[in-house]
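Peer 1: Just need the structure, nothing else, for what follows:
(one chain, ligands or ions: 2)
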Amino acid sequence: MASEALPYLDLRRGGSGVQEGSEEWRDLCLKVREAGETHGFFLLRCDEVPDDLREEMFKQIITLFDLPLQTKMKYKKPKLFRSYNRRSPITPFYEGFGVDDAPLNDEAESFTNLFWPEGNPKFSETLKSMSSKMLGLGLLVLKMFMSSYGVTNYASEAEKFISTSDFKLLKYVLPDDSSSETKVTMISHTDKGCISILYDNDVQGLQMLTRSGEWIDIKIPKGGFAIIVGDVLKAWSNGRLHAATHRVALTGDKLRYSFGLFPMVKDETEIKVPNELVDDSHPLRYKPFIYKDYLNHYIATRNPESLDVFAGI
Ligand SMILES: O=C(O)CCC(=O)C(=O)O
Ligand SMILES: [Fe+2]
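Peer 2: Ligands and ions are numbered 1, 2, ... in the order given. Model prediction:
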């Protein structure tokens with residue numbers, strides 16, 4: 001399968017937004033659901049995030065990664081996958097940060113002030129503005145998934161799934177001597193949250209594993225985003241949505257920068273399949289579980305099948 005065969009949804013509406021419940025809305029919901037069930041992955045075009053904000057975000061990301069290692073190492077968080085991840089023997093080809101609740105003023109500012117104690121409004125405003133627009137997009141996509149299954153309280157259910165978020169900033173580097181070789185720079189995985197919204201600086205790297213076992217390159221459209229279904233949404237959907245396995249593999253000497261917004265439920269939230277998704281042809285596949293317990297299980301086992309092992313019936 002070529003990546004061109006992946007669904008590419010156009011949510012551009014000249015800023016007015018598609019009206020919830022309209023025929024067009026229902027049609028889009030079905031397309032989102034079909035993409036989620038078939039591939040667990042789709043690309044979208046939208047007009048929520050202007051090009052100049054995307055460019056500014058990359059400018060700011062580069063400034064951040066260009067700081068001295070000792071400064072970057074100051075970012076330490078108790079939560080998993082948030083602290084500054086330096087390049088090391090375990091992750092030799094990427095470094096990254098995870099910012100909780102970046103759309104909130106205080107969070108964006110305290111992240112920024114750690115690196116620029118005198119303040120850096122351009123950085124914090126760009127971080128806040130980008131992450132809140134992406135969170136809005138996440139809410140829209142989640143509502144579409146949930147309404148497509150006829151879940152009556154889909155709007156409040158979707159809100160619950162974006163009650164917090166992790167905004168990731170990533171930089172990938174290959175060693176100088178490997179310019180003609182392709183190297184896996186982030187190992188294959190499924191995302192553990194509900195959905196992931198990704199964008200990159202147009203340096204090819206993101207790959208998705210198709211259902212038939214083939215790795216395909218994902219080219220994220222300029223002005224668009226890649227959307228990936230994660231384990232929690234798969235469980236919520238009673239296994240009907242597919243959590244797509246993906247990785248990052250690079251060739252050449254160009255630096256790759258990416259950023260992603262990972263909306264998620266709070267740690268203590270119970271993930272439970274809604275009644276609307278269970279019937280004779282779709283018997284219950286997952287028992288209810290607490291999100292944090294699932295994460296802990298995954299960390300302890302690192303088993304790619306951990307969702308089924310932990311919560312499968
Ligand atoms: O850098 C990318 O494009 C992918 C990042 C990713 O898969 C992740 O952070 O989970
Ligand atoms: Fe991922």
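
Peer 1: what's the burial count for the closest residue to ligand 1 within the stretch 201-313 of the chain?
Peer 2: In the stretch 201-313 of the chain, the residue found nearest to ligand 1 is Ser258; the distance is 3.5 Å by CB to the nearest ligand atom. Every C-beta, even on glycine, is put in place using the N, C-alpha and C of the backbone. Here the number of neighbours of Ser258 (other CB atoms under 10 Å) works out to 24.

Peer 1: Please give the element, helix or strand, for it.
Peer 2: Using DSSP states H and E, Ser258 maps to strand 256-264.

Peer 1: Next: Ala249.
Peer 2: strand 246-251.

Peer 1: returning to what we had before: so the nearest residue to the residue of the stretch 201-313 of the chain closest to ligand 1 once chain neighbours are set aside versus Pro288, what's the distance?
Peer 2: Excluding the flanking residues, the one nearest Ser258 by CB to CB, 6 or more residues apart in numbering is Asp200, at 4.1 Å. Remark: distance between Asp200 and Pro288 (CB to CB, to the nearest Å) = 36 Å.

Peer 1: quick one, which of these two is more surrounded?
Peer 2: Neighbours around Asp200 and Pro288, counted as other CB under 10 Å, are more numerous at Asp200. The numbers are 21 against 11.

Peer 1: isn't the more buried one right up against Leu206?
Peer 2: Yes: applying CB atoms under 8 Å, one finds Asp200 in contact with Leu206, separated by 6.6 Å.

Peer 1: what do the two both touch?
Peer 2: Residues touching both Asp200 and Leu206 (CB atoms under 8 Å, 6 or more residues apart in numbering): 220, 258.

Peer 1: Strands along the stretch 51-200 of the chain, start to end?
Peer 2: In the stretch 51-200 of the chain, the strands defined using DSSP state E, counting those that start in this stretch lie at 94-100, 164-172, 182-189, 195-200.

Peer 1: now check the shortest one, is it near ligand 1?
Peer 2: In other words, strand 195-200. Yes: judged by CB under 6 Å from any ligand atom, strand 195-200 and ligand 1 are in contact via 198, 200.

Peer 1: is the helix or strand that that strand is followed by up against ligand 1 anywhere?
Peer 2: Proceeding N to C from strand 195-200, the next assigned helix or strand is strand 206-209, under DSSP H and E. Yes: using CB under 6 Å from any ligand atom, strand 206-209 reaches ligand 1 at Leu206.

Peer 1: now strand 206-209, how far from the chain's geometric center?
Peer 2: In this view, strand 206-209 has its centroid 13 Å away from the chain centroid, taken as CA atoms, centre = their mean, to the nearest Å.

Peer 1: Can I get that strand as CSV, trimmed to CA atoms?
Peer 2: This file holds the C-alpha atoms of strand 206-209, laid out as CSV (Å, rounded to 0.1, in the frame of the first residue of the first chain):
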residue,chain,number,x,y,z
LEU,A,206,7.2,9.1,10.2
GLN,A,207,6.3,5.6,9.1
MET,A,208,3.2,3.6,9.7
LEU,A,209,2.8,-0.2,9.8
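
Peer 1: Return the list of helices and strands in contact with that strand.
Peer 2: strand 215-217, strand 246-251 (3 or more CB pairs under 8 Å, 6 or more residues apart in numbering; DSSP states H and E).

Peer 1: mind listing the helices for the protein?
Peer 2: Using DSSP state H, the helices of the chain run over 23-38, 51-65, 69-72, 105-115, 121-148, 154-161, 231-236, 291-301, 306-311.

Peer 1: before we move on, the earlier item: just name the most buried of the helices and strands packed on strand 206-209.
Peer 2: Mean neighbours per residue, mean count of other CB atoms under 10 Å, is largest over the helices and strands packed on strand 206-209 for strand 246-251, with a mean of 20.
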